[in-house]
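Enquirer: Predicted model and sequence below, questions to follow.
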There are 2 protein chains.
Amino acid sequence: MRARVFVTLKPSVFDPQGTTVAEALHTLGYTTVTGVRQGKYFELEIDTPSNDEARRIAGEVADRLLANPVIESYRIEIAAEAGAGA
Amino acid sequence: MRARVFVTLKPSVFDPQGTTVAEALHTLGYTTVTGVRQGKYFELEIDTPSNDEARRIAGEVADRLLANPVIESYRIEIAAEAGAGA
């Protein structure tokens, strides 16, 4: 199973990286981009046939290692094994 | 519109961050996690009512600023405006 974990700063936490990206985009002329938030993205290959087990492991891993629960929140998606593509 | 951009290293590019995370997980006892790839995640708020226009802008922005096309690939998802949640 492949688990995708998205870690983002909580909405109440100031995101200077995202703000900098937004300012750079305005400088480049992309004035319709009104806001940017930056986060981290992890793809985990988990050796289990069970969706639920993969989700449980990904959740534990996110809590213990990938995200700082004080300032970050995370979201998990489980996908059947597939080429990353694009 | 909210556009989500996922930037990952191309599969042929060595990902030392991901390898380090995988090793840390093995040390913590998560031996079923066989591989980790780390990437970047961006949420763009784009002031346009059109899905296609949002996708076009997000693609341009990813090409010009968010991803390094030599070593990185990206994927775009368009979502109607909604709370980030979780």
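Expert: Now that the structure is in, tell me what you want to look at. Numbers count the residues shown, from 1 in each chain, chains lettered A, B, ... in the order given.
Enquirer: what residues are up against A:E53?
Expert: A:I46 (Cβ atoms under 8 Å, 6 or more residues apart in numbering or on different chains). All C-beta atoms are positioned from the backbone trio N, CA, C, and that covers glycine.
Enquirer: how near is it to A:I78?
Expert: 10 Å (Cβ to Cβ, to the nearest Å).
Enquirer: And for A:L28?
Expert: A:L28 is 36 Å from A:I78, by Cβ to Cβ.
Enquirer: Neighbour count for these two, which is higher?
Expert: A:I78 (17 against 13; other Cβ atoms under 10 Å in any protein chain shown).
Enquirer: Would you confirm that the more buried one contacts A:A3?
Expert: Yes - the criterion here is Cβ atoms under 8 Å, and A:I78 meets it with A:A3 at 5.4 Å.
Enquirer: tell me, what's touching the two both at once?
Expert: A:54-55, A:58.
Enquirer: so which of those residues is the most crowded?
Expert: A:A58 (25 neighbours).
Enquirer: phi, psi of the closest residue to it other than its chain neighbours?
Expert: Distances taken as Cβ to Cβ, 6 or more residues apart in numbering or on different chains place A:A3 nearest to A:A58, at 3.8 Å, with adjacent residues excluded. When read as degrees, to the nearest 10, the backbone of A:A3 gives phi -110, psi 130.
Enquirer: Let me see the contact set for A:A3.
Expert: Counting by Cβ under 8 Å, 6+ apart, A:A3 has contacts A:43-44, A:46, A:54-55, A:57-58, A:76-79.
Enquirer: For it, name its beta-bridge partners.
Expert: Applying DSSP bridges to A:A3 yields these beta-bridge partners: A:L44, A:I78.
Enquirer: Likewise for the one 5 residues further on?
Expert: Under the criterion DSSP bridges, A:T8 forms beta bridges with A:G39, A:S73.
Enquirer: Now do the residue of chain A positioned farthest from its centre against B:I57, distance only.
Expert: Most distant residue from the mean C-alpha position of chain A: A:G29, 26.7 Å away (Cα atoms, centre = their mean). Per Cβ to Cβ, A:G29 is found 11 Å from B:I57.
Enquirer: Pull up the residues of chain A that are close to chain B.
Expert: By Cβ under 8 Å from any Cβ of the partner chain, the residues of chain A that approach chain B are A:6-8, A:11, A:18, A:21, A:24-25, A:28, A:30, A:32-48, A:57, A:60-61, A:64-66, A:73-75, A:84-86.
Enquirer: what do you get if the cut-off is 7 Å, keeping everything else the same?
Expert: Residues of chain A lying near chain B by Cβ under 7 Å from any Cβ of the partner chain: A:6, A:8, A:11, A:21, A:24-25, A:28, A:30, A:32-48, A:57, A:61, A:64-65, A:73, A:75, A:84, A:86.
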